[in-house]
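1. predicted model and sequence follow; I will ask about them next.
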Amino acid sequence: MKNVSYQNIRLSLINSLLMLGLFFNTSCMAANSDFVSQEEDRINQINSVIMCPVCPGESIDQSQNEIASNMRSIVTDLVRQGKTEKEIKDYFVGRYGPVILLEPSTDGISIFVWIVPPIALSFAMIAVALAVFVMRKRQKHTSLNMSHDVAGEIISDEEKEKYFAVINRISNE
Amino acid sequence: MLVMSVIAISLTLAVLVAYPIIRKIASKSPFPEDESSLRADLERRWESALEGLRHAELEMSVGNVSESDYLWLKQVHMAEAALVLKTLEISDKEKGFLIKRIPSGSGYEEEELS
Amino acid sequence: MVELGQIALILSFMMATYSTVVGFAGGMLNGRDLAASARWGFYSICPLLILATASLIYAFVTNDFSVKYVAENSNIAMPKVYAWVAFYSGNAGSLLYIAVAFSLMAGIAIRVLNSKLPYTSPYALGVMSMVLLFFLAVILFLANPLERHQIALEDGQGMNPLLIHFGMFIHPPFQMLGLISVALPFSIAIGALLAGRGGRDEWVDQGRLWGMVSWLLLTTGLLLGAWWAYTILGWGGYWAWDPVENSALMPWLAMTAFVHSIMVQKRRGMFRMWNMVLIIVAFAMAQMGMFINRGGPVPSVHSFAESTMGWIFLAVMAITLFISLVIFTFRFDTLKSRSGLDSIISRESAFLAQNVLFLLIAFITLWGTIFPIFSEAVDDTTMTIGQPFFNKVNGPLMLLLVFLMGIGPVLPWRKAGWGSINRMLRLPLIVFFLVFLLSLISGIREYWVLLAFAICSVSLTTVFQELIRGSRSRHSRGESWGIAFFSLIGANRPRYGGYVVHLSIIMLAIGITASSFYDVQKDVVMKPGDSEVLGKYTFKYLEVSEKAYPDRVEETAKFEVWMGDKNIGYMHPYRAFYPEFQIAATRGAIHSTILEDFYLVPSEFKEDGQAVFRVLINPLVSWMWAAGPVLILGTLISLSPKNRTQRKRLRLPNVSVDQNPLGISE
């Protein structure tokens, strides 16, 4: 028992060293968030959820297209005017339609996008539970969960000794 | 030039696919070991039992499993390996019955063995 | 030369037809000569396709614009080295690449299968030839890269400039190879089902081997793609949940589940049906990936190989899925597991949970990817589903996977009593709370990040716990630490190779978490001579130089950068404009350290000398790229074959009925 705790102390030591490296990084990163103003953060945040209309699949934040950069400056202006995120999104939806938003809204048919994942998750959990239940039951029913009992019933003690000797010899080679 | 090379390639291909059939190379050689034979199946079960044993030893030696779990695992795998050996030993007609009772590895139904 | 390639294509099509028919016939009639003939026929396809590919590359290198495909994807102005790889930049050529690569891999696989599974391999061969036959048919009848124009053109249209990057040499080949290689374990599994020869685990070893090969290729392709996007697309990110990225991720998820659950079948004879389902699903998703990449209905940045034939891929996917499921249903009763679960808390059930979780993520990804088609059909609303949705939904699920990755591998097979659980999970749990608390103290307030780091450290702890305990136990038996460590890994390669792979996944997870929550981004307008500060970096815009090439104009900015007081040298981000395409490609300049990347990319150079730059600080990104080699190393370790003594130990003692049983000497 003494040995075990000694081992754990050493392990914890090594681990805490490793983790220390992580903290170092994380504290750096925590500081990082102060580098840019909150306003800029918000602008970037909004840019990343608005799609560039001519470069499908890319946000205006990603795209190097001219239209995207124009739209970025519109966003910047609107934010400086004190518009909220919702107002800005509505502004673009008004001009380009809902397709311009990278994140689907929660009304109309788009609601399905959001409700299917949790439904799928619950189905998956039920499926796992069911599978575990069935597999447990099978093991009990076939009475093989203690396969050494079966062995005892089929293999005589004499044979058992003989077999075990062979197995031990081979597995220790 | 093009025509010649096309003819050459086509001929090579024809010879390539016709040769094994005409010379019957494959059927002249002895039958390869059958991956679905009883022996091959026992081989897989033996491997899984022995791997299980080895694994249990490893877990025990590094201190991952408790004494009681280790003994249980060892007993189970020993029994499986012993059943494989027993199956090898006994006569054919009993095999179907026995092999069904080795819980790991692949399985045969009785009718497949008759 | 082109004509010769054309004829090679036709011949290879004929050979594929031959080996499909004769392969299946050989299997069904148990005709070993037929099977051998089919096999030799199949081997001959690879050289034929190499000939066809060589003639296409020759046409590219010699600028033979009378070939339609060459004219569409190359021009004289293009840098010469790219002529060698331009052949897979378009639709027809990429299909040819897939065909030639698959014929090579499948040839090797068939050779191995023929010796390991001699009675199953004719069927597997039949399935593989069928896959190849499909590609060759599409190439010959719908998208022939060797087709000639009526009139020879002076110059071609050129390759998409976004592809002119070093990444072009590595990312597309690996990605396509990865997608098509899923067909290998699939063929082996379906071959085993078709052969239906009583036992059910014959295919497991080979399925695992080729499944892992395919997994490795897929992973490499994905990582290289991320790296390419990061260095070239110039927005400072590496993954955007773009439809094509998603379609490459889905088969990867399914294959990851497969390479894990196949181990359960090997060890326990369980999950037989499940493995079949998984590999069928994985192949369907790989086909889906090719469908979406080839002008699928969803808008994407990857539309390089766009064409109308995406729908053929979809139809073939549906047919493949249908036939596979029919075969599966017919063999349903032979796929019952031999044994059940000994305990709810065991390795087996961890694997089960992990498998389901992987498939769930794949399903949600699929759902998000195809939902726009769905909504357009049902409601006539067009919409886009991008990054925010996937991050919100898949992010937490992936975190859960990392958690399972931490505790699953240390749960013992079959049964874990509380004593064992205590021994294995006590330390990781302590570390979990410790890291959580310390992160909180060190000022992290994003609760997802707190959770992510705590979970990553659980996985990290279990991996190190395993490695340290293992080497310790060998060390206590007299081996030196170094030898103990390496011989521990050497003696249990699948296990410790797996740990190494897990280590790389943790590195990825940490990199992804840090860079998506703590990246800093700023757009700055500067003119030469200006200086700006971002965080501890000070950067001075010195000058811009313009240089004209035959195909493009490059504007290169020169920066001098300081980190704190330390000068870290000059950085040269540039922007290349391709007038023929009206496309600008930007190349960021990255100063990478172990902690963070300082990333500079030009957005726009204005007439008046001002320029807009985007400046980013991306923490821990270099960890992600470092994870790649670690991952490959781990996979290779766990794939490397057992050495002879290990194999010998696992051989059944050679006794036959009624002779001296068991060969006991006394």
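-> Right, received. Where do you want to start? Numbering: from 1, shown residues only, chains lettered A, B, ... in the order given.

2. how about the longest helix along chain B: buried residues?
-> Counting residues, the longest helix in chain B under DSSP state H turns out to be helix B:38-62. When burial is assessed from 16 or more other C-beta atoms under 10 Å in any protein chain shown, helix B:38-62 yields the following buried residues: B:38, B:40-62. Yep, even glycine has a C-beta here, placed from its N, CA and C like the rest.

3. same question for stretch C:275-282.
-> Within stretch C:275-282, judged by 16+ other C-beta under 10 Å, the buried ones are C:Asn275, C:Met276, C:Val277, C:Leu278, C:Ile279, C:Ile280, C:Val281, C:Ala282.

4. which residue, other than its chain neighbours, is closest to the residue nearest in space to the middle of chain B?
-> If you average the C-alpha coordinates of chain B and look for the closest C-alpha using C-alpha atoms, centre = their mean, you land on B:Ala40, 3.8 Å from that point. Sequence neighbours aside, B:Asp34 is the residue nearest to B:Ala40 in space, at 6.3 Å (criterion: C-beta to C-beta, 6 or more residues apart in numbering or on different chains).

5. confidence score at the one you found?
-> Per-residue confidence (pLDDT) for B:Asp34: 76.

6. repeat that for the one 4 residues further on.
-> The model reports B:Leu38 with a pLDDT of 75.

7. coming back round to it: ok, so of the buried residues of stretch C:275-282, who is nearest chain B?
-> Each of those was scored against chain B by C-beta to the nearest C-beta, and C:Asn275 proved nearest at 12.3 Å.

8. before we move on, the earlier item: for the residue nearest to B:Ala40, give me phi and psi.
-> The phi/psi pair for B:Asp34 (degrees, to the nearest 10) reads phi -80, psi 120.

9. coming back round to it: list the ones among the buried residues of stretch C:275-282 that fall in helices.
-> Cross-referencing the buried residues of stretch C:275-282 against helices under DSSP H gives C:Asn275, C:Met276, C:Val277, C:Leu278, C:Ile279, C:Ile280, C:Val281, C:Ala282.

10. so C:Leu467 touches C:Trp481, yeah?
-> No: C:Leu467 lies out of contact with C:Trp481 (C-beta atoms under 8 Å); the separation is 11.3 Å.

11. which of those two has more neighbours?
-> Using other C-beta atoms under 10 Å in any protein chain shown as the criterion, C:Leu467 and C:Trp481 rank with C:Leu467 on top: 18 against 11.

12. would you verify that the more buried one is located in a strand?
-> No: with DSSP: H, G, I helix; E, B strand; the rest coil as the criterion, C:Leu467 is assigned helix and is not in a strand.

13. check what pLDDT it gets.
-> 87.

14. could you do C:Leu140 as well?
-> Among the per-residue scores, C:Leu140 holds a pLDDT of 92.

15. burial of it, as a residue count?
-> By other C-beta under 10 Å, the residues close to C:Leu140 number 15.

16. which non-adjacent residue is nearest it?
-> Among residues not flanking C:Leu140 along the chain, C:Phe13 sits closest, at 5.6 Å (C-beta to C-beta, 6+ apart).
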